[in-house]
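Chemist: Predicted model and sequence follow; I will ask about them next.
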Amino acid sequence: MPAAGETERAPNIGKAVWESAGERAKSEGLPLIWVMSRALTDYAAGTLTLPRTTTGPEAGPRRGRTVFATDAVWAGADTRRAKDSVRSMSALCEILLDAYARGEVHPYARMVTTAQRDELKQATPTPVAA
């Protein structure tokens with residue numbers, strides 16, 4: 001179910017990528033469409049960087065997958081992906097989900113890369129036992 005203001009999109013994403021990302025999302029108790037929406041939102045905002053700008057050859061056959069995004073997020077992600085030399089929004093969605101499936105990006109309060117996550121862990125004080 002889309003959040004307020006989001007509309008359905010259907011980027012072509014490889015079956016293997018979709019399934020791998022779905023397995024991780026399920027293991028984390030998250031809906032995959034939420035992960036995709038969050039990744040697009042954070043990418044459009046400039047807070048999530050791409051680990052690469054091309055899709056992997058092992059993605060498998062591609063078909064339209066249901067994702068949700070606001071017009072502003074979709075347009076912002078489209079503008080940024082062109083600057084990053086990613087060939088299409090379908091490729092961008094596949095790259096983001098593949099990075100998530102491989103553990104290269106992580107759902108926090110926002111999507112982060114592994115390096116960003118590690119920085120956040122270092123910046124978070126460890127509780128002291130009494």
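Modeler: Looks like it came in fine.
Chemist: dump the residue contacts of the residue nearest in space to the middle of the chain.
Modeler: The residue lying closest to the centre of the chain (Cα atoms, centre = their mean) is Ala39, at 3.3 Å. Ala39 sits next to Leu48, Leu96, Leu97, Tyr100, Val105, Met111 when contact means Cβ atoms under 8 Å, 6 or more residues apart in numbering. Heads up, the C-betas are built off the backbone N, CA and C, glycines and all.
Chemist: Among the residues you listed, which one sits closest to Ala69?
Modeler: Nearest to Ala69 among the contacts of Ala39: Leu96, at 11.5 Å, using Cβ to Cβ.
Chemist: sorry, back to before: quick check: the residue nearest to the centre of the chain is in a helix.
Modeler: Yes. The assignment for Ala39 (DSSP: H, G, I helix; E, B strand; the rest coil) places it in a helix.
Chemist: quick check, nearest of the contacts of Ala39 to Ala21?
Modeler: Nearest to Ala21 among the contacts of Ala39: Leu97, at 4.1 Å, using Cβ to Cβ.
Chemist: residues contacting Arg87?
Modeler: Residues in contact with Arg87, defined by Cβ under 8 Å, 6+ apart, are Thr54.
Chemist: and it, what element?
Modeler: Using DSSP states H and E, Arg87 sits in no helix or strand.
Chemist: now do the one 4 residues further on
Modeler: Taking DSSP H and E as the definition, Ala91 sits inside helix 89-101.
Chemist: what about that helix, average pLDDT?
Modeler: Across helix 89-101, pLDDT averages out at 95.
Chemist: what does it rub up against?
Modeler: Helix 89-101 is contacted from outside by 9, 11-14, 17-18, 20-21, 23-25, 32, 35-36, 39-40, 43, 48, 50-56, 59, 62, 65, 67, 74, 77-78, 81, 86, 105-107, 111, 113, using Cβ under 8 Å, 6+ apart.
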